[in-house]
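Colleague: Let me see the structure of the following:
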Amino acid sequence: MSDHLLAYLPLGISLLSLVVAAFSLGWNIYRDIILKPRVRVTASRSFVFGTRRDPQEKFIISAVNFGPGKVNLNIIWFKRRSLLLRLRRKQTQGVWMHDFYNPLSAKLPAVLEVGEKIDLIFPWDKELIFSHSPTHLGLNDSFGRLHCADRKEVRKVLKVWQSEFGRSEA
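Modeller: Modelled structure (predicted):
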């Protein structure tokens, strides 16, 4: 019986190594091709304090890369969508141009490594993106994937903007 086991031991080890190699190949394909980086986007109205005593109100879009791998964020994207607009085929979507003149704000396009964060800072005024009453707001990456802020956050900031500047015409 022991000679019988010793005869098939190399075959068993070879089959085990084949299974391990196949699993390793599958994991590498999944990690490099299928699994894409996750980015958490938040939208908020914030106060920025400087050397002056009066704080400045700003609108901030923040993005954090939770990995795996780096991600290239390109543009700010918004969409106005509801069931009524969908039935009437009047959905609005567009791209919001970034404010390149603010020295505190990050610039787009931005490459984020795992764990890195960017803050895009805009003035809190009547010309803000909320004049279009967006329901979705987020960042687009180089793969064409959209990373949106939570709709509750967008709705909350929209209500604050509308209470200060009135309802939009859009």
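Colleague: give me the element the residue nearest in space to the middle of the chain is part of.
Modeller: Centroid-nearest residue in the chain: His147, 3.0 Å away (criterion: Cα atoms, centre = their mean). Taking DSSP states H and E as the criterion, His147 maps to strand 146-148.
Colleague: who's in contact with that strand?
Modeller: For strand 146-148, contacts defined as Cβ atoms under 8 Å, 6 or more residues apart in numbering pick out 38-41, 63, 73, 77, 136-141. Placement of C-beta: from N, CA and C, glycine included.
Colleague: how about those residues in TSV, adding distance to Glu113, pLDDT and secondary structure?
Modeller: Shown next, in TSV, are the contacts of strand 146-148 (distance: Cβ to Cβ, whole Å; pLDDT from 0 to 100; DSSP: H, G, I helix; E, B strand; the rest coil):
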residue	distance to Glu113	pLDDT	secondary structure
Arg38	14	91	strand
Val39	12	94	strand
Arg40	15	96	strand
Val41	17	96	strand
Ala63	13	96	strand
Leu73	12	94	strand
Trp77	22	90	strand
His136	26	86	strand
Leu137	24	92	strand
Gly138	20	93	strand
Leu139	16	94	strand
Asn140	19	92	strand
Asp141	14	90	strand
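Colleague: Any quick PyMOL command for the buried ones out of those residues?
Modeller: To isolate the buried ones among those in PyMOL, judged by 16 or more other Cβ atoms under 10 Å, type:
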select buried, resi 39+41+63+73+77+137+138+139+140+141
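Colleague: Sheet partners, orientation included, of the strand holding His147?
Modeller: strand 136-141 (antiparallel) (DSSP bridges).
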